[in-house]
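K.L.:
give me coordinates for this.
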Amino acid sequence: MTTTDPITAITAPDPGTPPVTVRREALYFAVRNGKLLLGAGIVAIFLLIGIIGPFLVDRPPMEYVGQPMMPPDGEYWLGTTTFGQDVLAQFVHGVRNAFVVGLLAGGLAALIGMVIGFVAGYRGGLVDEILNMLTNVVLVIPTLAVLLIINAYLGIRSVGMQALFIGLTSWPWVARAIRAQTFSLRSRDFVDLARLSGVRTGKIILREIAPNMSSYLFMTFILLFGSSILIASSLDFIGLGPTDGVSLGVMLNHANQWSALHLGMWWWFVPPGAAITAIVGALYVANVGLDEVFNPKLREL
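P.N.:
Residues are numbered from 1 along each chain as shown. Below is the predicted model:
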């Protein structure tokens, strides 16, 4: 799956500004940014649904608990499927798994991309060439084709395995973005001073370079979080989702497979589709808001 390169959507802060001042200034503008508050609010609502919902809905998501094809009513708030499964139970578990995939896949991709980007950007030379070659190799791997091959050998697929695969294939643009930022920071005076003081490479990256890119890294993780949910939902919809659980994409796949649209069972496919759109859209809106918060040129006073 190809996506628009989000490197240009992130702006790194000025490393010359004291951290305490940056945090106070960012907090001041964050609580006044409508995009950030709207996006964060929508994500928080679905996060609560994913955390609390499975405990409040006591019906198993895949068991046949009611009459087939029942529309929403007082007992089944989102109706039932063609097999009598509770759509609400599937929905809350699907929302939870969406956040699990986003957290695991996005976190793994961020970690790999940051390590490779920091090391390549700071060390340069042969190390940079080797890591850049590795990044380019992973970048051109046909993700869907590889997944189809893996799917042929895996009889049971889990949410964790799906997150692992997405994380291992989503990091190249992160490595490139962080490498470019590290190139610009490694020649700054405070980095040269640390190097002349005998500080080791790892400590220079962790103590001098990474803190000055904290907002950049956080926004990168948000982009990875949203894209991981979208990729997972796409794979689920085409039948490559988890076989031992339920997700929003799997709900859409089943609704399409059993002709929910033709049968007029809107309650089966509208909630998961709306949830995917709302979560991913809210994450990107929040990211735009964060860009306005951290970038003085984009702030709305």
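
K.L.:
what's the first helix or strand after the helix or strand containing V115?
P.N.:
V115 belongs to helix 87-123 when elements are defined using DSSP states H and E. Next helix or strand after helix 87-123 toward the C-terminus (DSSP H and E): helix 125-139.

K.L.:
elements contacting that next one?
P.N.:
helix 87-123, helix 172-185 (3 or more Cβ pairs under 8 Å, 6 or more residues apart in numbering; DSSP states H and E). Using the backbone N, CA and C atoms, a C-beta is placed for each residue, glycine as well.

K.L.:
pLDDT (mean, whole number) over the first one?
P.N.:
Think helix 87-123. For helix 87-123, the mean pLDDT works out to 96.

K.L.:
give me the angle between that helix and helix 125-139.
P.N.:
In terms of direction (axes from the mean of the first three to the mean of the last three Cα atoms, to 10 degrees), helix 87-123 departs from helix 125-139 by 150 degrees.

K.L.:
burial of the closest residue in space to G289 that isn't next to it in sequence, as a residue count?
P.N.:
In this structure, G289 finds its nearest non-sequential neighbour in L36, 2.9 Å apart by Cβ to Cβ, 6 or more residues apart in numbering. L36: 21 surrounding residues under other Cβ atoms under 10 Å.

K.L.:
who's in contact with L36?
P.N.:
Neighbouring residues of L36 by Cβ atoms under 8 Å, 6 or more residues apart in numbering: A30, A286, G289, L290, E292, V293.

K.L.:
show the buried residues in those.
P.N.:
Listed as buried from those are A30, A286, G289, L290, E292, V293; burial here means 16 or more other Cβ atoms under 10 Å.

K.L.:
closest one of the contacts of L36 to Y122?
P.N.:
If you rank the contacts of L36 by distance to Y122 using Cβ to Cβ, L290 comes first, at 25.3 Å.

K.L.:
with adjacent residues omitted, what lies nearest to that closest one?
P.N.:
In space, and not counting its chain neighbours, L290 is closest to M219: 5.3 Å by Cβ to Cβ, 6+ apart.

K.L.:
just want the angle from the helix or strand hosting that neighbour to helix 87-123.
P.N.:
In this assignment (DSSP H and E), M219 forms part of helix 214-237. On the basis of the same axes, to 10 degrees, helix 214-237 is oriented at 130 degrees to helix 87-123.
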